[in-house]
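> task: produce atomic coordinates for the following.
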Amino acid sequence: MPLPNLKQLAAGLGLWAALAPGVGAQGVCSSDGQPQPVRLLERFLSADCERCWSTATALAPSGAGNTLALDWIVPGSLGDNAPLSGAASRDALTRLAALRRAAPREQLAVSTKVANGRGDTVRVAHGVALGGYIGASIEASVEAQRRQTTAPLTAVLLLVETIAAGSDGTPIERNLVRNMLQAPWNSDSSLQKQKQISWLERRPLSIPEGADPQRLRVVGWLQDQRGRLLAAAQSACRPDLP
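Model prediction:
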């Protein structure tokens, strides 16, 4: 059996350290107690378009309900010479393909409703950054009957960097996607007799160069084979309770 990667092991330990009681200053970072997003707004910005980052446009959330806004930087035609190339990710192209959208020349906004059906829940959590990695988890739960009608399901876990309005040249708050994990939900058929079935995935996520570990958190959702979002969640860090 191969020995575990030490960086991945450290990241995994960081996850459990952050979620353990009595951690104190490290705090707890999870979606517990956070309102469930009812809509996902994804803003895709070409790495070639510097002004797309530095100007506020109609791509901001409307304010109706609890909308979760995400920012993807799409690799541009200028390659490494693009103004936003440092934050560009091929994950953005993967996400655009899933949405059946072409890469924008400048920017594109896609708004998707989150179903939040009864019994469908998602929980996300993360630990502290260690050795260039951060331990993260996503847990999903659905009614067994609905699991059979919506299968196959996929859990999507994102590492995002939350950048405050007025920082780093952006006039609006942004949740810049830094890493993405897509995990198929392979549930045991023996569990189908239960009323509620759950699934958990834990992974160390690499932190790309240039990301500020102090501004990182996680976002996750559960989607069916047609790309419909069944439930979503986002983490927030809070001091440990005494």
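
> how does the protein divide into domains?
Following automatic domain parsing, the chain resolves into domains at 1-36+116-237, 38-55+62-113.

> worst mean pLDDT among these?
When the domains of the chain are ranked by mean pLDDT, domain 1-36+116-237 comes last with a mean of 81.

> what distance do you get for the closest residue to Arg118 other than its chain neighbours to Ala183?
Once flanking residues are discounted, Arg118 sits nearest to Glu143: 7.5 Å by C-beta to C-beta, 6 or more residues apart in numbering. In short, each C-beta sits where N, CA and C put it, glycine included. Taking C-beta to C-beta, to the nearest Å as the measure, Glu143 falls 20 Å from Ala183.

> do the same with Trp199
Using C-beta to C-beta, Trp199 is found at 9 Å from Ala183.

> just Lys195 next, same as before
Distance from Lys195 to Ala183, by C-beta to C-beta: 24 Å.

> more neighbours: which of those two?
Ala183 (16 against 8; other C-beta atoms under 10 Å).

> surely that one touches Pro152?
No. Using C-beta atoms under 8 Å, Ala183 makes no contact with Pro152, being 11.4 Å away.

> tell me, how many neighbours does Leu130 end up with?
21.

> please apply the same query to Ala165.
10.

> can you give me phi and psi for it?
phi -60, psi 130 (degrees, to the nearest 10).

> wait, it touches Asn175, no?
No. Taking C-beta under 8 Å as the definition, Ala165 is not a contact partner of Asn175, at 12.0 Å.

> mutual contacts of the two, please.
Counting by C-beta atoms under 8 Å, 6 or more residues apart in numbering, no residue touches both Ala165 and Asn175.

> residues touching Thr154, list them.
182-185, 222-224.

> of these, which belong to strands?
182-184, 222-223 (DSSP state E).

> what sits closest to Gln180 if chain neighbours are left out?
Not quite, residue 180 is Met, not Gln. Leaving aside its sequence neighbours, Met180 sits nearest to Asp91 (C-beta to C-beta, 6+ apart; 4.1 Å).

> buried stuff in the host helix or strand of that neighbour?
For Asp91, the element it lies in under DSSP states H and E is helix 90-98. For helix 90-98, burial by neighbour count (16 or more other C-beta atoms under 10 Å) applies to 91-93, 95-96.

> tell me which of those is nearest to Thr67?
For these, the minimum distance to Thr67 (C-beta to C-beta) is 17.4 Å, reached by Arg95.

> who are the neighbours in contact with Arg178?
87, 89, 158-161, 207-208, 211, 216.

> residues contacting the residue positioned nearest the centre of the chain?
With distances taken as C-alpha atoms, centre = their mean, Leu158 lies nearest the centre of the chain, 2.4 Å away. Contacts of Leu158 were listed using C-beta under 8 Å, 6+ apart, and they are 70, 177-181, 218-220.

> 7 Å instead?
Residues in contact with Leu158 (C-beta atoms under 7 Å, 6 or more residues apart in numbering) are 177, 180, 218-220.

> and it, how far is that from Leu181?
Taking C-beta to C-beta, one finds Leu158 at 8 Å from Leu181.

> go on, Gln34?
Gln34 is 20 Å from Leu181, by C-beta to C-beta.

> neighbour-wise, which of those two wins?
Leu181 (18 against 15).

> which non-adjacent residue is nearest that one?
That would be Leu157: by C-beta to C-beta, 6+ apart, it lies 4.4 Å from Leu181.
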